[in-house]
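S.K.: Provided below for reference: sequence and predicted model.
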Amino acid sequence: MASLEEQLPPLAEAVQKAGDVVKQLKESGAPKDQIDAAVKELKRTKAAMDVVTKAIAAQNANPFEPNREGLEDMCKRRFFYRPAFEIYGGVGGFYTYGPPGCAVKTNLISLWRRHFVIEEGLFEIEDTNIMPHSVLKASGHVDRFNDFMVKDMKDESKFYRADKLLEEAMEAIIADPKKSAEEKDEAKKVCAQADGYSQEELGQMLKKYGVKAPDSGNELSDPYPFNLMFPTPIGPAGDQQGYLRPETAQGIFLNFKYCLEQNGGQMPFGMAQVGKAFRNEIAPRGGLIRQREFTQAEIEFFCKPVIAEDGSVCSGGGKGGKPHPKFASVANDLLTLFPSPQQLAAKGTVEMTVGDAVSQGVIANESLGYMVARTQSFLLRAGVKRKYLRFRQHLPTEMAHYACDCWDAEIMFSHGWVESVGVADRSAFDLNAHSGATGQELVAIEKLETPIKKQVVHTKKAAAGLGKEFKGDAKIIVAYYESLSDDAKMALKAEVDGAGKKAVEIEGKTFELLPKHVAFEVKEETQHTVSYTPNVIEPSFGIDRILYAIFEHSYYEREDEAAEKEEGDKKKKDKGQKDKLERSVLCFPPEIAPVKCALLSLDMRVARDEKYEEMSRALASALSAKGISSKRDDSGVAIGRRYARSDELGIPFGVTFDFDTFTDNCVTIRERDSCTQVRVPVPEVANVLQGLCEGLTKWDDCQAKFKEQKQTASEKVGQKDA
């Protein structure tokens, strides 16, 4: 059966033909019954095309876009987050988290630590936010950490990121039901490559598709590079150049050797860091999605390569290189992958197990595949919906300067698919770069199971005589010798011995080497160890983006009218009016909810009872002792409205004290999403909630164990759709 997109062109052609027939009949003065029949046919074909057009629009509709306004309004109103410096007018790209938002973010980071730092046995460090020029020069950020920018030709205060404008233009073409399948396929290919175009190619594409300044419709300048780092002077004289760190990763590489020592020299092992990173974004838009100051959580997993019997090191891809000791535990995990060839062919995603993806070479190696799988399980555990998560492989043209393979965990937002985690094979780029810049050896050493005999080329004797002739430059030549492999040293010796001399250029200087200068010695030695620079797998998590994804994936509005209306003037409200305060729900997983439990009195008569004060304080203390946060709400509004307030904050459980509590020593526990309740003895409440919050107990288990409690107010709040 033809796809909806394939059905649309012939329907459009049929509508055109039917319209032409009606026009011709009217112009020729045809009988009324013939014209009526032709008009009827025109209406029929138009209706058929409308059905397909609406179906295409529904198929391509973003499920989160309709709720964006309601969610963002609720987040501001309940102070999950707001623009920073708002009373001064705000500055783009900076946000402040309020109490509930800060709590959710803290819980998300704690979950990340449990999932990775604790379960994977990582070494966590805390490095500085400011880094000197020399560090970021060696890492490549000073020279290559750029985005291409364009500006409005008539309003030079308006700047835009060029690749994002092109992506938005392509997404508009893809979403347009009137565009042909060929036009949409071309737009998909361009959109996939937008981040990888060169400066010249990007400019050509913007002109080809007539992309204008979005705010004014004016012409745009040609793209030009803009470095995203925030420069800052160091020291009172300001003579040492520094930068706010653009990522947390570099601090990990600088401290690799010290953590390797802490691990007893054993490989493989991983390091982690959570903290602020800073990027001077060209045009920060999309709220928490693109900020200038944000929180990163990064892991550098240093791989142990396969070492052959002859001492050679294999750290390539596939089964033979970069193995992971726990790969078998994730090999059957199913992933939604969007490989590079699929993108270039304008095709869709594919479903594969991690094991198949590695064995078929889709994912480069076991360690990379393991981290992709662990990233997926973390995101799902945090509240991201599985059907709106995919892993997209970087195209060769967009690969970062340090990466040899990279997969982005992209999550569907109301803004479209957004990169939220990057899982990259950085090879050994960073350790080699910092080793070369500092002269420090950043290597691991492995003991060989069976010692081997090797021919080793020594330069010490030849180097000893260089000082007399080359004076202070002798050390330059010695360093040059040491940088050569044994094969290269012997090739140099053979060339000099054969020709009698050789001019060699080193660090911009030319030196004439004679046979006596290359009198290298070859000795047979027994090798007991092998040293290597470890390759690195890096999962880099954008905590704020993940947090916003969880907001969107958790937010919904109840279909039924929310809570019972209060007495007095509130009773006079229109019963059909939808109350946003009472309808909005955030169904956070208990692990990351800002507060785990709401403590409520049924009404003010219960709240005024001295026994309630004593019992509620004792329960709050018991919950705190088990690490369960609680929020007490004894305001005078109806219990249904207080349930709704808790639901809006994402509080998963509510404990209600009623009149019977004082005689039977039991309370009701309400579950947020089902709105069902059970009656639980007060001494058991803390243990029950601990099991529910830690995922050790399911709500179904509680319903089976404890008596169900019917509560009209809870039912009126409504239930989450299955």
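M.R.: Yep, it's here.
S.K.: pull the number of nearby residues for residue 474.
M.R.: Residue 474 has 18 neighbours, counted by other CB atoms under 10 Å. Placement of C-beta: from N, CA and C, glycine included.
S.K.: whoops, I mixed them up, residue 604
M.R.: By other CB under 10 Å, 12 other residues sit near residue 604.
S.K.: tell me which helix or strand comes right after the longest helix along the chain.
M.R.: Among the elements of the chain assigned as helix by DSSP state H, the one spanning the most residues is helix 32-60. Downstream of helix 32-60, the next assigned helix or strand under DSSP states H and E is helix 68-77.
S.K.: who does that next one touch, helix- and strand-wise?
M.R.: In terms of contacts (3 or more CB pairs under 8 Å, 6 or more residues apart in numbering; DSSP states H and E), helix 68-77 is packed against helix 543-554, strand 555-557, helix 580-583, strand 584-586.
S.K.: list the buried ones in that helix?
M.R.: 68, 71, 72, 74, 75 (16 or more other CB atoms under 10 Å).
S.K.: mind putting these in TSV, pLDDT included?
M.R.: Converted to TSV, those look like this (pLDDT from 0 to 100):
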residue	pLDDT
68	92
71	94
72	93
74	94
75	95
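S.K.: run the chain-centre distance for the longest helix of the chain.
M.R.: 44 Å (CA atoms, centre = their mean, to the nearest Å).
S.K.: list the buried residues of it.
M.R.: Neighbour counts over helix 32-60 (16+ other CB under 10 Å) mark 35, 38, 39, 41, 42, 45, 49, 52, 53, 56 as buried.
S.K.: go on, stretch 218-229?
M.R.: Those would be 220, 221, 223, 226, 227, 228, 229, for stretch 218-229 by 16+ other CB under 10 Å.
S.K.: repeat that for stretch 485-492.
M.R.: Per 16+ other CB under 10 Å, stretch 485-492 contains these buried residues: 489, 490, 492.
S.K.: quick one on the thing from earlier: among the helices and strands packed on helix 68-77, which gets the worst mean confidence?
M.R.: In terms of mean pLDDT, the lowest-scoring of the helices and strands packed on helix 68-77 is helix 580-583 (a mean of 55).
S.K.: ends of stretch 237-252, how far apart?
M.R.: This stretch, stretch 237-252, spans 29 Å end to end (CA to CA, to the nearest Å).
S.K.: please begin residue numbering at 381 from this point
M.R.: Yes, from this point I'll number from 381; that puts the last item at stretch 617-632.
S.K.: where does the stretch 831-980 of the chain have low pLDDT?
M.R.: Counting by pLDDT under 70, the ranges of the stretch 831-980 of the chain that qualify are 939-962.
S.K.: with the chain instead?
M.R.: Checking the chain against pLDDT under 70 turns up 381-385, 436-440, 689-691, 695-700, 781-782, 939-962, 1091-1102.
S.K.: beyond the biggest strand by length in the chain, next helix or strand please.
M.R.: When the chain is parsed with DSSP state E, its longest strand is strand 824-838. Once strand 824-838 ends, the next helix or strand along the chain (criterion: DSSP H and E) is helix 840-844.
S.K.: which positions within that following helix qualify as buried?
M.R.: In helix 840-844, counting by 16+ other CB under 10 Å, buried: 842, 843.
S.K.: what's the nearest residue to residue 931 if we skip its chain neighbours?
M.R.: Distance criterion CB to CB, 6 or more residues apart in numbering; nearest residue to residue 931, sequence neighbours excluded, is residue 451 at 6.2 Å.
S.K.: and that neighbour, what is it in contact with?
M.R.: Counting by CB atoms under 8 Å, 6 or more residues apart in numbering, residue 451 touches 931, 932, 935, 964.
S.K.: okay, those in TSV with distance to residue 914 and neighbour count next?
M.R.: Below are the contacts of residue 451 laid out as TSV (distance: CB to CB, whole Å; neighbours: other CB atoms under 10 Å):
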residue	distance to residue 914	neighbour count
931	38	26
932	38	23
935	42	22
964	48	26
